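*Asks:* Please find the sequence and the predicted model below.
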Amino acid sequence: MKKLLGPALRVLITVGIFILLGHSLQVGSTRLPAIGKFFSHSHGFWKSAESASGKGTNLELISPALQGDVEIYFDDRLVPHIFAENDLDLYFAQGYVTAMHRLFQMEISTRSAAGTLSEIIGDRTLAMDKMQRSRGIAWAAENAIEGWKKFPKYYSMMEAYSAGVNAYIEQLKPADYPIEYKLLDFAPAKWSPYHSALFSKVMAIDLAMTESDLENHNAVQLLGKDVFDQLMPDWNPHQSPIIPKGTPWLFEPEAIAGTNTPINKGLYKFSSQRSDHELGSNNWAIHGSRTA
């Protein structure tokens, strides 16, 4: 009996280790990925590494959902250029390429909007989920879908985009998932027009939340224009301009009509007073004579 006890104990320990390595662990408020899968050479984070040359330079989409030929060319900056024979195929390809480069961002953004982050992240996002649900973003997205359906031509484009996203997801094996999915140990969710509506609603909140016209108007009335301009300058000292300060100009700047201000200085200006300096897109313009 003693001779059998040792081998049996070793088998139990081995089985226990395999079970432990194959399942995620909850440590406090943090959920750790399944260590075995995460470090697996054939399925783990190693497979998520990208080559120095990026994700290919040319792609020909083949799907029963397509009506014609679609080619996608990636330039040296990995900017995709889509060539399609009709609008629905174009939006299908757009969805496919967006998922190829931004799948986890799409997932986390829509979960944030719907208030379902805690399903994958845990208790630490419960407060945020409750806030988003109290705002009714999911309800607003559902109503947006009903509005979109009144325009069948455009809604079919939303469906084509969703089909493209799902076509990319369906050809992924677990070993090919972006590393964020491996860290959180879950699979990508299928996309639908509802997810696009969620994204549009949360972006509407994001882009409207810093409106301060009324506050600025009252401040001007109280302080006067000169003092207000000194306290609230158009130039945000935290911003990083699209054309860095000190860049040499290869042309003679033209003055804006009626002023002594060269146009090139206008490229540096924002009008978002008192806004979060980490929030915003690259918003700038250049004259058509300087573009191809």
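*Replies:* Arrived safely.
*Asks:* Helices along the protein, start to end?
*Replies:* 2-22, 35-39, 87-114, 118-121, 126-135, 137-148, 152-170, 179-184, 193-208, 213-223, 225-231, 263-266 (DSSP state H).
*Asks:* Give me the distance between the closest residue to Tyr168 other than its chain neighbours and Gln105.
*Replies:* In space, and not counting its chain neighbours, Tyr168 is closest to Ala99: 4.0 Å by Cβ to Cβ, 6 or more residues apart in numbering. Bear in mind the C-beta positions are built from the backbone N, C-alpha and C, glycine included. Ala99 sits 10 Å away from Gln105, going by Cβ to Cβ, to the nearest Å.
*Asks:* and the two? which has more neighbours close in?
*Replies:* Ala99 (23 against 14; other Cβ atoms under 10 Å).
*Asks:* can you tell me which residues contact the more buried one?
*Replies:* By Cβ atoms under 8 Å, 6 or more residues apart in numbering, the contact set of Ala99 is 106, 164-165, 168-169, 191.
*Asks:* most neighbours, which of those residues?
*Replies:* Busiest of the contacts of Ala99 [other Cβ under 10 Å] is Gly164, holding 29 neighbours.
*Asks:* Let me see the contact set for it.
*Replies:* Gly164 neighbours (Cβ under 8 Å, 6+ apart): 65, 91-99.
*Asks:* out of these, who has the most neighbours?
*Replies:* Busiest of these [other Cβ under 10 Å] is Phe92, holding 29 neighbours.
*Asks:* Between the helices of the chain, which one is closest to Leu61.
*Replies:* Proximity to Leu61 (Cβ to Cβ) singles out helix 87-114 among the helices of the chain, at 5.8 Å.
*Asks:* what's the angle from that closest one to helix 152-170?
*Replies:* Between helix 87-114 and helix 152-170, the angle comes out at 70 degrees (axes from the mean of the first three to the mean of the last three Cα atoms, to 10 degrees).
*Asks:* distance of the closest residue to Leu66 other than its chain neighbours from Ala187?
*Replies:* Once flanking residues are discounted, Leu66 sits nearest to Asp89: 5.2 Å by Cβ to Cβ, 6+ apart. Look at Asp89 and Ala187: by Cβ to Cβ, they are 27 Å apart.
*Asks:* more crowded one of these two?
*Replies:* Asp89 (22 against 11).
*Asks:* ok, now which ones touch the more buried one?
*Replies:* 66-68, 70, 160.
*Asks:* rerun that using 7 Å as the cut-off
*Replies:* Shown in contact with Asp89 (Cβ atoms under 7 Å, 6 or more residues apart in numbering): 66-68, 70.
*Asks:* Please apply the same query to Asp87.
*Replies:* By Cβ under 7 Å, 6+ apart, the neighbours of Asp87 are Met157.
*Asks:* again, 8 Å this time
*Replies:* Asp87 is in contact with 157, 160, counting by Cβ under 8 Å, 6+ apart.
*Asks:* do Leu198 as well
*Replies:* 109-110, 113-114, 137-138, 141.
*Asks:* Any stretches of this structure with poor pLDDT?
*Replies:* 1-57, 209-211, 235-242, 253-284 (pLDDT under 70).
*Asks:* still on that earlier bit, greatest separation within the contacts of Ala99: which pair is it?
*Replies:* Met106 and Gly164 (12.0 Å).
*Asks:* so what's in contact with those two at the same time?
*Replies:* 98-99.
*Asks:* what's the burial count for the closest residue to Glu142 other than its chain neighbours?
*Replies:* Leaving aside its chain neighbours, Glu142 sits nearest to Tyr194 (7.0 Å; criterion: Cβ to Cβ, 6+ apart). With neighbours defined by other Cβ under 10 Å, the count for Tyr194 comes to 17.
*Asks:* Please report how far Tyr194 lies from Thr110.
*Replies:* 9 Å.
*Asks:* Please indicate which of the contacts of Asp89 are buried?
*Replies:* 66, 70 (16 or more other Cβ atoms under 10 Å).
*Asks:* Need the contact partners of stretch 148-161.
*Replies:* With contacts defined as Cβ under 8 Å, 6+ apart, stretch 148-161 is touched by 65, 87-89, 91-92, 94-95, 193, 196-197.
*Asks:* which residue packs closest to Leu59, ignoring adjacent ones?
*Replies:* Ile72 (4.3 Å).
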